[in-house]
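> with the input below, show me the fold.
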Amino acid sequence: MTEPLDPTALAAALAVALPLAGALAALVLGRRAGDVIVVTGPAMTLVALALAIGIVETGPARIAVGGFAPPLGIALVADGLAATFVATTLVVMAAALAIARGGLVARLRETRRGYAFVALAHLAWGALNAVFLSGDLFNLYVALELLSLAAIALVALEGKPETLAAAIRYAWFALTGSLLYLAGAILLYAQTGTLDIALVAVRVGDGPTTLVAGALMTAGLCAKTALFPLHAWLPSAHAGAPAPASAILSALVPKASFVVLARLWLEALPALATPALGTLLGGLGAAAIVYGSVLALRQERLKLLVAYSTIAQIGYLFLLFPLAGGALGTQPWATGAWSGAMLHGVSHALAKAAMFLAAGLVLARLGHDRIAGLSGLARDMPMTAFAIGLSAVTLMGLPPSGGFIAKYLLLVAAFGSGQWAWALVMLGGGLLAALYLFPVLGRLFAKEDAETTEPAGPMPSRVRAAIPLLLAALAIALGFASALPTTLLAIGRPGAAAEGLE
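All right, here's what the predicted structure looks like:
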């Protein structure tokens, strides 16, 4: 008799296949490509729910693709981390595609770029889910490459000279990162005879070959994540792309390479994740927090401010490594650090997507996004201004947002481990975020002055204005319902973060 199909395995497969099918459908439909989200959105909602429910009920699952188990075949890993980011990707992608349907796609309806955006966004969607669900280092390489190709094309979509230059710079960083990652993967394969993460963890040694492989892969992934000082491609790419593309690029793309980095050091090579490595990655993250925040303070355009803020917010993710155990084994604070870092990734994705989408609405309404010309905009666009305000609350880490809970967990881990320096960096980062975000809010809710620009475009519809507000509200609601994602993140988490204070 044929064994019944495992619902979790089916959901994992569909999480990758459906968005890729949506990309093909967008190419076929042409001018009606914007309608694809009407099908893929509800379908992927069911898939994400099935994946999360299956993991909660039966625990993490390893799925042999095609029935061939590693090392001959490749495996998908459906755990709490994968389910959390598959759901986050669904929310952000649906929002970006929905707002583009009435804006970017409608504006470019008569050109190939209109339906190209829909196809590229779905291609990136499938690649992101493949990254979050893959348990094989080479399969992760393929998924990351697919994601990079889609992301570079999204940056260059408008065809302007400045965006083409930004896309070329992004391509150089992405290609370099890919080559470094692939070189490290080859070295690991030569040593272990497999690239399956679970098997690598069992077979790998602690010799110089492994250290070189880990260093190469880490450097490549840090370049793709835009971790300081490998961040030079990010501001121009994110700020120059169309707003829906910027939302995808900032909220989701860096998270993919970060998740791979976390799986590499906490699952594949945990014995080599020494305190020295944690201090190095944490130090780079701390530098990113300070550097990105200081440059955000100097920006005169809203989208550039949000882009530099992304550099700073990415830095918080890397505080996971000095706090989550690694070679030190299970530590009392490790679970909180794991939950805090990943919850920060989710909160940042929602808030940053909301911020970029709102900035796009402002740009379409005013014809510019100069901060000095935003005075009194809250009277003209109250929902958009409120969305920016709620997003700012999350990015600053103020209660009751999800950003506050995430940073609170990281702070508890830092204090619990006696690593006060990381706590001071986080507190300083929150203060710097307030310094560059409060002037924007002050402008939005101030009375109009001489610098206020007259509207250059039509008022966005209520539906389009509600989309970034909904994302920002979800980021706030995450603080009230943080038990749900933290419970999901606990399922199948790495051994170094398996126990401890939550």
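> what's the first helix or strand after the lowest-mean-pLDDT helix or strand in the chain?
Ranked by mean pLDDT, DSSP states H and E, the weakest helix or strand in the chain is helix 104-107, scoring a mean of 57. Past helix 104-107, further along toward the C-terminus, the next helix or strand under DSSP states H and E is helix 112-133.
> which ones are touching the nearest residue to residue 82 once chain neighbours are set aside?
Nearest non-adjacent residue to residue 82, counting by Cβ to Cβ, 6 or more residues apart in numbering: residue 132, 4.5 Å away. In short, each C-beta sits where N, CA and C put it, glycine included. By Cβ atoms under 8 Å, 6 or more residues apart in numbering, residue 132 lies in contact with 81-82, 85-86, 89, 256, 259.
> one more time with 6 Å
By Cβ atoms under 6 Å, 6 or more residues apart in numbering, the residues touching residue 132 are 82, 85-86.
> most neighbours of all those, which one?
Within these, most neighbours by other Cβ atoms under 10 Å means residue 82, with 29 neighbours.
> wait, a strand at that one?
No. Counting by DSSP: H, G, I helix; E, B strand; the rest coil, residue 82 is not part of a strand but helix.
> ok, now how distant is the residue nearest to residue 82 from residue 88?
Relative to residue 88, residue 132 is positioned 9 Å away (Cβ to Cβ, to the nearest Å).
> go ahead and confirm residue 258 touches residue 317.
Yes. Judged on Cβ atoms under 6 Å, residue 258 makes contact with residue 317 at a distance of 5.3 Å.
> more crowded one of those two?
Shown here are residue 258 and residue 317; by other Cβ under 10 Å, residue 317 has more neighbours (27 against 24).
> quick one: contacts of stretch 152-169?
113, 117, 120, 170-171, 233, 236-237, 240-241, 245.
> got the phi and psi for residue 136?
phi -130, psi 130 (degrees, to the nearest 10).
> which residue ranges form the helices in the stretch 51-200 of the chain?
Secondary structure of the stretch 51-200 of the chain, counting by DSSP state H, counting those that start in this stretch: helices at 80-101, 104-107, 112-133, 137-155, 161-192, 197-203.
> list the buried residues in the third one.
Along helix 112-133, the positions that meet the burial threshold by neighbour count (16 or more other Cβ atoms under 10 Å) are 113-133.
> so it versus helix 80-101, what angle?
Angle of helix 112-133 versus helix 80-101, following axes from the mean of the first three to the mean of the last three Cα atoms, to 10 degrees, is 170 degrees.
> next: the longest one.
In this structure, helix 161-192 runs at an angle of 160 degrees to helix 80-101, with the same axes, to 10 degrees as the basis.
> kindly report the same for the fourth one.
Taking the same axes, to 10 degrees, one finds helix 137-155 and helix 80-101 inclined to each other by 20 degrees.
> compare the helices of the stretch 51-200 of the chain and give me the one nearest residue 467.
helix 80-101 (4.8 Å; Cβ to Cβ).
> list the helices and strands the closest one packs on?
Helix 80-101 is packed against helix 36-58, helix 112-133, helix 243-251, helix 334-366, helix 462-480, helix 483-489, with contacts defined by 3 or more Cβ pairs under 6 Å, 6 or more residues apart in numbering; DSSP states H and E.
> just the buried residues of the next helix or strand after the fourth one, please?
This means helix 334-366. Once the chain leaves helix 334-366, the next helix or strand it forms, by DSSP H and E, is helix 377-380. For helix 377-380, burial by neighbour count (16+ other Cβ under 10 Å) applies to 377-378.
> ok now helix 377-380, how far from the chain's centre?
30 Å (Cα atoms, centre = their mean, to the nearest Å).
> how about stretch 89-96?
On Cα atoms, centre = their mean, the centre of stretch 89-96 falls 11 Å from the chain's centre.
> where in this structure is pLDDT low?
The model of the chain has pLDDT under 70 over residues 1-5, 103-114, 325-333, 448-457, 495-502.
> quick one, what contacts the residue sitting nearest the centre point of it?
What sits nearest the mean C-alpha location of the chain, by Cα atoms, centre = their mean, is residue 252, with 2.8 Å. Neighbouring residues of residue 252 by Cβ under 6 Å, 6+ apart: 89, 92, 128.
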